[in-house]
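S.K.: Only the shape, not the letters, is given here:
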Ligand code: AMP
Ligand code: ZN
């Protein structure tokens, strides 16, 4: 498989540290609010990457954190008059509900920053011992950025250029209250508490960790000093991931991650969707209007590194596309049960051969830096093949063969394509049965009323030779 590695700016063949295994860390959300659909993009694309690697036979250890101590959380807590912990716990639970709706698998471990403080203190101590960290008079501990020779290797930034750029643009690099910070580029590893804020004891002062050190420590603790893949949105390349590299490599003395993957932004009106700009939809907003599978399908209709513009029209077209696949699945399920049981015809065997080629094309698309846009179009090709070759009926074997491949590839993308036999389905079947009885009794008014009732529930009926079929609209 080829992955675009932000570190080398090249498409590279993926070679794991341990054959057959993948260790992967994905920066998770700061939990002070419901997640927005921009935050959902890395969740969906890297979950898809994980599913694909698992499908290709890798054992994937997938770690994704919750940042549960942060200025924004403290501010939200103060506004509501509750503790920071109450805010973060509430939004971790809400985030998990959204993940479930999006069919994002739970990570192997979901560490929370507040539960990892001792390992952060340990790493900061190591950095201090090695001369990479120093304590300022107010108790703040800074990272001595210029001491790390490789600083800038991920983002391609050079400290001297950055500095003169900032000067010529008239930017102020110094942050208030940092009088004895040695250099403008030194960043915070530990900061003193302010009145009413959560804090922990440390060798430097009562306080809390900086954001970057959290990920360095959680990645080390659960996956080791060197991992295969570190991922997140492209806004994290600088300074977050650059700083993580500086901390981890200085402390551990080995490379931090072999591959760095970054998703492009989800935009709205061609502007980044973000909480600070106020131009966002939460996943919950979308769930009120669509099945969240439609949102997942929409996200996968683009390659993960491309910017993706959100619009109603694109969501409608994603919904129509997903329905097309689901309808094909429902037809095939029916044929698998009620089709001819005489083995495949010669034409069907040819169809099965074509199906294999499509499946290879799907893998090629995914192997090419997770090109889900091409992978989705292969699924549409399979739907076309299924629709055109089963129009006049099909053998059970052929229907099963098509169905298995669509469901298998759908599952790799995390798409739920089968209508589960839940209570709702039973209710629908019951109404269909009642309608058939009414038709038998020549009570056509009742039969039509039931059909309209089902339509109102979003269920469309089709009378076929094999009986009544239904699909969701
Ligand atoms: P945050 O809670 O802001 O730290 O973001 C959590 C994750 O969502 C990070 O990987 C961000 O890069 C990512 N993210 C935030 N906004 C967007 C967006 N508009 N499009 C894509 N990814 C985003
Ligand atoms: Zn991170």
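M.R.: Cool, got the structure. Source: prediction; values computed, not measured. Residues are numbered from 1 along each chain as shown. Ligands and ions are numbered 1, 2, ... in the order given.
S.K.: ok, residues contacting stretch 187-194?
M.R.: 120-121, 124, 127, 133, 138-143, 145, 199, 202, 204-210, 212-213, 239, 243, 247 (Cβ atoms under 8 Å, 6 or more residues apart in numbering). All C-beta atoms are positioned from the backbone trio N, CA, C, and that covers glycine.
S.K.: quick one: buried residues of that stretch?
M.R.: For stretch 187-194, a neighbour-count test (16 or more other Cβ atoms under 10 Å) marks 187-192 as buried.
S.K.: of these, closest to residue 2?
M.R.: residue 187 (33.2 Å; Cβ to Cβ).
S.K.: From residue 120, how far out is the closest one?
M.R.: 14 Å (Cβ to Cβ, to the nearest Å).
S.K.: same deal with residue 430?
M.R.: With distances taken as Cβ to Cβ, residue 430 is found 57 Å from residue 120.
S.K.: Who has more neighbours out of those two?
M.R.: residue 120 (24 against 10; other Cβ atoms under 10 Å).
S.K.: Report pLDDT for the more buried one.
M.R.: Residue 120 carries a pLDDT score of 98 in this model.
S.K.: Make residue 1 into 500 and carry on from there
M.R.: Taking 500 as the first residue, the last one we looked at is residue 619.
S.K.: what sits against it?
M.R.: Residues in contact with residue 619 (Cβ under 8 Å, 6+ apart) are 689, 708, 712-713, 716.
S.K.: quick one: which of those residues is nearest to ligand 2?
M.R.: residue 713 (6.8 Å; Cβ to the ion).
S.K.: Which residue, other than its chain neighbours, is closest to the closest one?
M.R.: Excluding its sequence neighbours, the residue lying closest to residue 713 (Cβ to Cβ, 6 or more residues apart in numbering) is residue 612, at 4.4 Å.
S.K.: Select the longest helix from the protein.
M.R.: Using DSSP state H, we find that the single longest helix of the chain is helix 811-837.
S.K.: What residues of it count as buried?
M.R.: Using 16+ other Cβ under 10 Å as the burial criterion, the residues of helix 811-837 that qualify are 814, 817-818, 820-822, 824-835.
S.K.: Could you do stretch 738-758 as well?
M.R.: Buried, per 16+ other Cβ under 10 Å, within stretch 738-758: 738-751, 755-758.
S.K.: List, out of these, those positioned next to ligand 1.
M.R.: Among these, proximity to ligand 1 is found for none (Cβ under 6 Å from any ligand atom).
S.K.: Among the residues you listed, which are located in helices?
M.R.: Residues of the buried residues of stretch 738-758 located in helices (DSSP H): 741-751.
S.K.: In this protein, what helix or strand scores lowest on average pLDDT?
M.R.: Lowest on mean pLDDT, DSSP states H and E among the helices and strands of the chain sits helix 658-667, with a mean of 74.
S.K.: How far away from the center of its chain is the following helix or strand past that one?
M.R.: For helix 658-667, the following helix or strand on the C-terminal side (DSSP states H and E) is strand 686-691. The chain centre lies 30 Å from the centre of strand 686-691; the measure is Cα atoms, centre = their mean, to the nearest Å.
S.K.: Give me the phi and psi angles of residue 567.
M.R.: Backbone torsions of residue 567, given as degrees, to the nearest 10, read phi -110, psi 20.
S.K.: Not counting its neighbours along the chain, what's nearest it?
M.R.: Distances taken as Cβ to Cβ, 6+ apart place residue 587 nearest to residue 567, at 3.7 Å, with adjacent residues excluded.
S.K.: Going by secondary structure, that neighbour is in what exactly?
M.R.: helix 583-600.
S.K.: What are the contacting residues of that helix?
M.R.: 528, 530-534, 539, 542, 565, 567-568, 572-573, 575-576, 579, 605, 611, 613, 696-697, 782-783, 786, 791.
S.K.: Neighbours of residue 615, how many?
M.R.: Neighbours around residue 615, by other Cβ under 10 Å: 19.
S.K.: List the residues that contact residue 795.
M.R.: 543, 601-602, 912-914.
S.K.: on that earlier part again, what about the contacts of residue 619, which are in strands?
M.R.: The strands, defined by DSSP state E, take in 689, 708 from those.
S.K.: Apart from its chain neighbours, what residue comes closest to residue 726?
M.R.: Nearest residue to residue 726, sequence neighbours excluded (Cβ to Cβ, 6+ apart): residue 522, at 4.3 Å.
S.K.: Test my guess that that neighbour contacts residue 549.
M.R.: No: counting by Cβ atoms under 8 Å, residue 549 is not a contact partner of residue 522; they are 11.3 Å apart.
S.K.: For the protein, what lies in contact range of ligand 2?
M.R.: Residues of the chain lying close to ligand 2 (Cβ under 5 Å from the ion) are 526, 714.
S.K.: if we can go back for a sec, just the contacts of helix 583-600 that are near ligand 1?
M.R.: Applying Cβ under 6 Å from any ligand atom to these, one finds that residue 528 fall near ligand 1.
S.K.: Buried ones among the contacts of helix 583-600?
M.R.: Among these, those scoring as buried are 528, 530-534, 539, 542, 565, 567-568, 572-573, 575-576, 611, 613, 696-697, 782-783, 786, 791 (criterion: 16+ other Cβ under 10 Å).
S.K.: Where strands are concerned, which of those count?
M.R.: Cross-referencing those against strands under DSSP E gives no overlap.
S.K.: How about the stretch 550-699 of the chain: which residue is closest to ligand 1?
M.R.: residue 566 (6.6 Å; Cβ to the nearest ligand atom).
S.K.: Identify the residues contacting the residue nearest to that residue when sequence neighbours are not counted.
M.R.: Of all residues not flanking residue 566 in the chain, residue 529 sits nearest, at 4.2 Å (Cβ to Cβ, 6+ apart). By Cβ under 8 Å, 6+ apart, the residues touching residue 529 are 566, 569, 571-572.
S.K.: Any buried residues in the helix or strand where residue 879 lies, and which?
M.R.: Following DSSP H and E, one finds residue 879 within helix 871-888. Within helix 871-888, the residues that qualify as buried are 871, 874-875, 877-878, 880-882, 884-885, 888, counting by 16+ other Cβ under 10 Å.
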